[in-house]
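*Asks:* Show me the folded form of this:
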Amino acid sequence: MPARRQHAERQARAGTVGIAGRAAEEVKRSGPGTKAGQRARGNTLTMSERCNLHNIHFWPVGLEGDGVMTKAFSQFLNNVCDAAKKFKGLNRATFKSYFSSRIANTLHQTSAMWAIRRASAERAKLVNTHGHAVFGSVDDNELALELQVALPVAVSQRRAFRNRHSNASARPVTG
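*Replies:* Numbering: from 1, shown residues only. Presented below is the predicted three-dimensional model:
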């Protein structure tokens, strides 16, 4: 890809909220799938064309890594909330709030996991196998394995990491 085009795409992504999500939706909507999938199906139809053949409403939804919902995802979530109210008698606002927060928490948890992995990898670059700093100006004591750069075994377990490394669960309840 030419550098000028790549720069323009980066500028567009940086300046327009949701552009990456919309692009992902379009790829899913208009993409014919993998070559192996096309051979197995015996056609090169797009996903939306294949769904239309079977009277399936195809609704690609995009969600960006930082939690930005595309318009299609927002409409999809609203339709799900309306269906929950209509068919199950659930409170629409509560249902939407619950699932919006679950989605946001999952995204934040995943982002935190990758950030911790990245910090751990960067720390490993600074320290060689003998535990001495690669750069003479960095003291080994400065590179002690702090909790924020130690890669936990399971970041995704609810509250377990926080409870192990904070005194939040040990605080007395006042009331």
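*Asks:* rest of the way, CA atoms for contacts and neighbours
*Replies:* Fine.
*Asks:* and the helix of greatest length in the chain, which residues are buried?
*Replies:* For the chain, the helix with the greatest residue count under DSSP state H is helix 92-126. By neighbour count with 16 or more other CA atoms under 10 Å, helix 92-126 contains the buried residues Arg92, Phe95, Lys96, Leu107, Gln109, Met113, Ile116, Arg117, Ala119, Ser120, Arg123.
*Asks:* Closest one to Thr46 out of these, please.
*Replies:* Leu107 (28.8 Å; CA to CA).
*Asks:* which secondary structure elements does the longest helix of the chain contact?
*Replies:* Here helix 92-126 touches helix 71-88, going by 3 or more CA pairs under 8 Å, 6 or more residues apart in numbering; DSSP states H and E.
*Asks:* picking that back up, between the buried residues of helix 92-126, which is closest to Ala14?
*Replies:* Closest approach between the buried residues of helix 92-126 and Ala14, by CA to CA: Leu107, at 19.3 Å.
*Asks:* Check which helix or strand Gly21 maps to.
*Replies:* Using DSSP states H and E, Gly21 maps to helix 19-30.
*Asks:* Which SSE is immediately downstream of that helix?
*Replies:* Downstream of helix 19-30 (by DSSP H and E), the next one is helix 35-41.
*Asks:* what's stretch 6-17 in contact with?
*Replies:* The contact list for stretch 6-17, computed with CA atoms under 8 Å, 6 or more residues apart in numbering, reads Ile19, Ala20, Val68.
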